[in-house]
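Asker: Everything below, folded, please.
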Amino acid sequence: MKKIVIGFLMLLGMLIADDIVWQKDLDSALELAKKENRLLMVMVEGEHCRWCKKMRYRTLSNDAVVAKLKPFVNIRVMQEDKAVMKELPKIQGVPTIFFMYPDKEVIETAVGYFNVADFLSFFVSVDRKVRQKKQNKQLSSDK
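Answerer: Here you go, the predicted model:
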């Protein structure tokens with residue numbers, strides 16, 4: 001009985017763990033990111049992509065990943081939506097995740113399924129590149 005209760009609680013936790021706020025469309029996500037001076041995380045999925053589903057339900061539902069994504073404007077788009085895909089950089093497969101500035105400049109790209117530890121490593125790279133860009137802007141404005 002104890003194992004059943006623990007299993008039920010784990011399942012319930014997995015179902016409600018998705019605390020990521022997903023924007024409805026790319027235009028409103030870009031507008032929000034510009035307005036609030038935030039970075040974007042764009043996840044491109046395929047309708048029948050099992051790796052996309054694994055990415056969402058295993059990696060993106062992890063508490064550490066959810067916490068890292070809180071400052072981002074997050075959006076999921078479907079590869080089959082040709083109008084939206086024209087506004088994004090070309091992809092090599094799904095899932096593809098772009099970390100980008102509100103002007104659509106790509107900071108980092110993750111292609112394929114990543115487990116939690118590997119996905120969290122992208123935040124280190126994104127942080128480093130954002131800091132480097134700010135330093136470069138500061139140096140050029142000081143001249």
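
Asker: where exactly do the strands run in this protein?
Answerer: 22-23, 40-45, 73-78, 96-100, 106-111 (DSSP state E).

Asker: For residue 76, which residues are in contact?
Answerer: 22, 42-45, 56 (Cβ atoms under 8 Å, 6 or more residues apart in numbering). Using the backbone N, CA and C atoms, a C-beta is placed for each residue, glycine as well.

Asker: Show the buried residues in these.
Answerer: Listed as buried from those are 42-45, 56; burial here means 16 or more other Cβ atoms under 10 Å.

Asker: Least confident secondary structure element in this protein?
Answerer: helix 2-16 (a mean of 51; mean pLDDT, DSSP states H and E).

Asker: With residue 42 as the reference, measure out to residue 22.
Answerer: 11 Å (Cβ to Cβ, to the nearest Å).

Asker: beta partners of the spatially most central residue of the chain?
Answerer: When the chain is reduced to its mean C-alpha position, the nearest residue by Cα atoms, centre = their mean turns out to be residue 41, at 3.6 Å. Bridge pairing for residue 41 (DSSP bridges) gives the partners residue 74, residue 99.

Asker: Likewise for the one 4 residues further on?
Answerer: When bridges are assigned using DSSP bridges, the partners listed for residue 45 are residue 78.

Asker: which residues of this structure score low on pLDDT?
Answerer: 1-18, 143 (pLDDT under 70).

Asker: The longest helix seen in it relative to strand 40-45, how many degrees between them?
Answerer: Assignment by DSSP state H gives helix 116-142 as the longest helix of the chain. Orientation check (axes from the mean of the first three to the mean of the last three Cα atoms, to 10 degrees): helix 116-142 against strand 40-45 gives 140 degrees.

Asker: Great, nothing more from me.
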